[in-house]
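okay, predicted coordinates and the sequence, questions at the end:
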Amino acid sequence: QVQLVESGGGLVQAGGSLRLSCVASGRTFSTYLMGWFRQAPGKEREFVAAITWTGTRYTYYSDSVKGRFTISRDNAKNTVYLQMNNLKPEDTAVYYCAAAGGIIQVTIPQRYDYWGQGTQVTVSS
């Protein structure tokens, strides 16, 4: 089992920045990929970004956040980050951290094995 705990959400004005953190615990050695998803009210869970957990850092982004968001990892702290810059009202959602134990289609939430409880991000116009 892998436990994931997100933090760093909050209320920010459009154009502002936030950094989300996700701390992993448990059987983290079995993790291959870490991802961030978001879900707005009435909408499906949407892929945001992903990063390989060990070895070479491969990163993946949705088109809607590319150039504004940056995913990174600190293996010593068992933590993955999502730096969000130039935030827009349409970025408002609950943001979830997820972990996968193998090579998967990174954009599909059902392919991930473990999920955090989510952290709310609200961007005001």
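Structure's in. What do you need?

and stretch 16-33, end to end?
28 Å (C-alpha to C-alpha, to the nearest Å).

buried stuff in that stretch?
Buried residues in stretch 16-33, defined by neighbour count with 16 or more other C-beta atoms under 10 Å: 18, 20, 21, 22, 23, 24, 28, 31, 33. Backbone N, C-alpha and C define where each C-beta goes, glycine included.

can you redo those residues as TSV with distance to residue 80?
Formatted as TSV, the buried residues of stretch 16-33 follow (distance: C-beta to C-beta, whole Å):
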residue	distance to residue 80
18	15
20	9
21	8
22	5
23	9
24	7
28	11
31	10
33	10
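
in strands, which of these fall?
With DSSP state E as the criterion, strands contain 18, 20, 21, 22, 23, 24, 33 from among these.

in CSV: these, plus distance to residue 122 and pLDDT.
Below are those laid out as CSV (distance: C-beta to C-beta, whole Å; pLDDT from 0 to 100):
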residue, distance to residue 122, pLDDT
18, 10, 98
20, 13, 98
21, 18, 98
22, 19, 98
23, 22, 97
24, 25, 95
33, 28, 94
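
can you tell me which two in these are farthest apart?
18 and 33 (22.6 Å; C-beta to C-beta).
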